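> Got a predicted structure here, sequence first:
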Amino acid sequence: MSSRDEVLGRVRRALADVPGGERPERVPVRRDYRRVHGSRTAEETVELLAENLADYRAVVHRSDTEGLAVLIRTLLARRGARTVAVPQGLEPWWMAAADAALVEDRAATTARELDTVDSVVTGCAVAVAETGTLVLDAGPDQGRRRITLVPDHHLCVVRVPDQVVGSVPEALARLDPRRPLTWISGPSATSDIELDRVEGVHGPRTLEVILLTGGGAGPLPSR
Amino acid sequence: MNGAYLGMPAFPRAAAAATRDGRLRANLTHATHTIRDKRARAVAELDDWAQLRAAGAAVKDRTLRHLDHYLEQLEAAVTAAGGQVHWAADAEEANRIVTELVRETGEREVVKVKSMATQEIGLNEALAEAGIRAYETDLAELIVQLGNDLPSHILVPAIHRNRSEIRDIFLAEMGRWGRPAPEGLSDSPAELAEAARLHLREKFLSAKVAISGANFMVAETGTLVVVESEGNGRMCLTLPETLISVVGIEKTVPTWQDLEIFLQLLPRSSTAERMNPYTSTWTGTTDGDGPGTFHLVLLDNGRTDTLADTVGRQALRCIRCSACLNVCPVYERAGGHAYGSPYPGPIGAILTPQLRGVEGALESSLPYASSLCGACYEVCPVAIDIPEVLVHLRERVVEGGEVTRRGTRAVLRPARGHAAERAAMRAAGWVFDRPGVLRAGMRLAARTRRLHPRRLPGPGRAWSQTRELPAVPAESFRDWWQRTRGTGTESARQGGEGT
Ligand code: SF4
């Protein structure tokens, strides 16, 4: 007998007390918990996101479409970033003012090459206000999972209010499980040594978030 | 290499030694109190905690009652998404499968994400025998591994170590495993974390094979979920070419939507955060992003035997949050090692004897490693009635009865006479001999009374001879909690659910 049959056989024998005709859905699960905690306007939800991001030691900035390219340049310059990883589908105008050399995310790039990169700039799929979480789904403006992992500085642009949801249940409903997802709440951290929290062990030690108002369209190409 | 838990002395002896260790107790007391106070605040933020908790328990019950259905669904979904599924009836088989899979890659080194399932089966030791080196990459697990030591807490496995000990371990051992610790390393947590970052980065950047566990597996979609803080998980899950995940069959949940319950319950119960820094989900393989080969090893190793016990089955709901450890007066004094398995504290006291059977000295004493105060049940995010299972297992030890071992029904003889007394009462005596442990919260429900001896043999004798054992306290657990430890909000929130 294969181990598969062995294990499944054991499961079935172990469940002798479950009536033969019982369908899984007959075991009641009451979903009377909240879809979202409290009622907020869209602006308040964005405010809560900003608060919770900051509470988890992410650095929060705000911008409109006009100011974004300059803000990105400023933040990268402040870090002294000379090389910046960018997903292939990142809106080119976001990086239009940056001085740093751009390293495009490619399958052929090795992890060691990425390790020499100073910063990474991405968009996101969804942000969760109640928990201060950014979710990346490897979409065109977010790139492969590793580009937001290996460099030490991650700059993430969230379009508000469109990409912001209130709660975890609302976020899951928007996400596609077939895509690889990375949920990020503040920078990498450990509390393993005497429960002292230390930021940054393996993931980026600095997480900066730009809350971008003004919808998806950038400045007109002519500008 | 890590020492093995097998061969550990039975609970009372190990616990007695641990209690004499003043520093260990101080570390543990600080850790457990800090975490549980923070946790109460994190839980209090959600006014639907009771509903989430009930839903979490119900989803797990649904899964367990139809586990064959969900496992088949999971297997089909993982396979359709490009993964390969393997089934392991026991530890030996799981180790053989993983060893073989690593051999096929031609690699001699693997990086590992912290995983209790692989500790349970002794995978690192099995790989070492096959000439394969497994590197633990979680900071605490690294400390444990370099110190040739055993984890002592689910969430903070190296909590029994102080910063100066950690520095000494890093200085002495890192060089033997890879990049040495920087000279002049101080014992500041930031510097120690930096040393670990540099030491491990070399491994991450060159590793071709990674081994992980998973917090959840979604049957409907074939998605696996790993919840972590440091990013070592993300490194292992995305950089190597081959990923092998070893996961207990009970980690299954039916639907994608069900994660909305557990991704709220787990972080707040575990690290007392609204959300842990990183959560990764993956479904099979993704072209050009992450490992090109994904193997899922579904592990039984006593879980189906546990499933066969209609009272003990609820232990399989456990999401390994460690909340029960941090409120347990016995764990606080005994430390994690005394439980003789990767599962310490109240959950270990009910899980280990079920996974391994109650015949051994350690296993038969574990159901007594408790004051039955009920604090573990009150905090458990999936409402496992740990005291109920403890009492049930005590009955099994003392009275024997029908059990399932490796899938086969067997009748366990009552551990009569000396054996019963020794197994049961030494541990009970250890607890009862420490009025502090007892006072920390009595919850002797009427149904448990007959299992409490009037007089205790062994170390408890002197104490019990002069007085009757305490009766069911007049004060309810909830009131006691509120008065002594609780924040008020939490007990009010969870009130009404206690038995
Ligand atoms: S038994 Fe409950 S409280 Fe303890 S680790 Fe498991 S889920 Fe958490």
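Alright, I've got the coordinates.

> pLDDT weak spots in chain B?
Residues of chain B meeting the criterion pLDDT under 70: B:1-9, B:19-20, B:416-499.

> Please disregard the earlier target; I meant chain A.
For chain A, the stretches with pLDDT under 70 are A:215-223.

> That one: strands as residue ranges?
Per DSSP state E, chain A carries strands over the ranges A:59-64, A:83-86, A:101-104, A:119-122, A:126-128, A:133-136, A:153-159, A:164-165, A:181-184, A:189-190, A:198-199, A:206-213.

> center of chain B - which residue?
For chain B, B:Y343 is the residue whose C-alpha lies nearest the centre (Cα atoms, centre = their mean; 3.8 Å).

> Oh, that last question was meant for chain A, not what I typed.
Centroid check for chain A by Cα atoms, centre = their mean gives A:V135 as the closest residue, at 2.8 Å.

> Give me the distance between that one and A:L90.
Using Cβ to Cβ, to the nearest Å, A:V135 is found at 17 Å from A:L90. Where you see a C-beta, it was placed from the backbone N, CA and C, and this is true even at glycine.

> Provide the secondary structure category for B:V247.
strand (DSSP: H, G, I helix; E, B strand; the rest coil).

> check which helix or strand covers the nearest residue to it once chain neighbours are set aside.
In space, and not counting its chain neighbours, B:V247 is closest to B:A214: 4.6 Å by Cβ to Cβ, 6 or more residues apart in numbering or on different chains. Using DSSP states H and E, B:A214 maps to neither a helix nor a strand.

> show me the contacts for B:A214.
B:L224, B:V225, B:V226, B:S245, B:V247, B:K251 (Cβ atoms under 8 Å, 6 or more residues apart in numbering or on different chains).

> B:L52 belongs to a helix?
Yes: when three-state DSSP is applied, B:L52 is found to be in a helix.

> Next, count neighbours for the residue lying closest to it once chain neighbours are set aside.
Spatially, and ignoring its direct neighbours in sequence, B:L52 is nearest to A:Y33 (4.6 Å; Cβ to Cβ, 6+ apart). Other residues lying near A:Y33 total 22 when counted by other Cβ atoms under 10 Å in any protein chain shown.

> wait, A:Y33 sits on B:D48?
Yes: using Cβ atoms under 8 Å, A:Y33 is in contact with B:D48, at 4.3 Å.

> Quickly list the domain ranges of chain B.
Following automatic domain parsing, one finds the domains of chain B at B:3-303, B:421-498.

> Just send those domains back as TSV, with distance to A:T190 too.
Below are these laid out as TSV (distance: least, Cβ to Cβ, whole Å):
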stretch	distance to A:T190
domain B:3-303	5
domain B:421-498	26
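
> among these, which is the most enclosed?
A comparison of the domains of chain B by mean neighbour count, using mean count of other Cβ atoms under 10 Å in any protein chain shown, puts domain B:3-303 on top with a mean of 21.

> picking that back up, could you measure the residue nearest to B:V247 against B:S245, distance?
For B:A214, the distance to B:S245 equals 6 Å [Cβ to Cβ].

> Then A:R78?
40 Å.

> I'd like to know how far A:T41 sits from B:L46.
Distance, A:T41 to B:L46, by Cβ to Cβ: 21 Å.

> Excluding chain neighbours, give the residue nearest to the residue nearest to the centre of chain A in space.
A:V135 sits nearest to A:V126 (Cβ to Cβ, 6+ apart), 4.6 Å away.

> show me what contacts the one you found?
A:L134, A:V135, A:D137, A:Q163, A:V164, A:V165, A:A171, A:R174, A:L175.

> Then B:M174?
Applying Cβ under 8 Å, 6+ apart, we find B:M174 in contact with B:L146, B:P180, B:A181, B:A195, B:H199.

> As TSV, those residues with secondary structure and distance to B:Q119 would be great.
Listed next are these as TSV, based on DSSP: H, G, I helix; E, B strand; the rest coil; distance: Cβ to Cβ, whole Å:
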residue	secondary structure	distance to B:Q119
B:L146	helix	16
B:P180	coil	26
B:A181	coil	25
B:A195	helix	24
B:H199	helix	21
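
> If we ignore the residues flanking it in sequence, what's nearest the closest residue to chain A within the stretch 151-300 of chain B?
For the stretch 151-300 of chain B and chain A, the shortest gap (Cβ to the nearest Cβ) falls at B:G231, measuring 2.9 Å. Counting by Cβ to Cβ, 6+ apart, B:G231 lies nearest to A:G203, which is 2.9 Å off, once chain neighbours are set aside.
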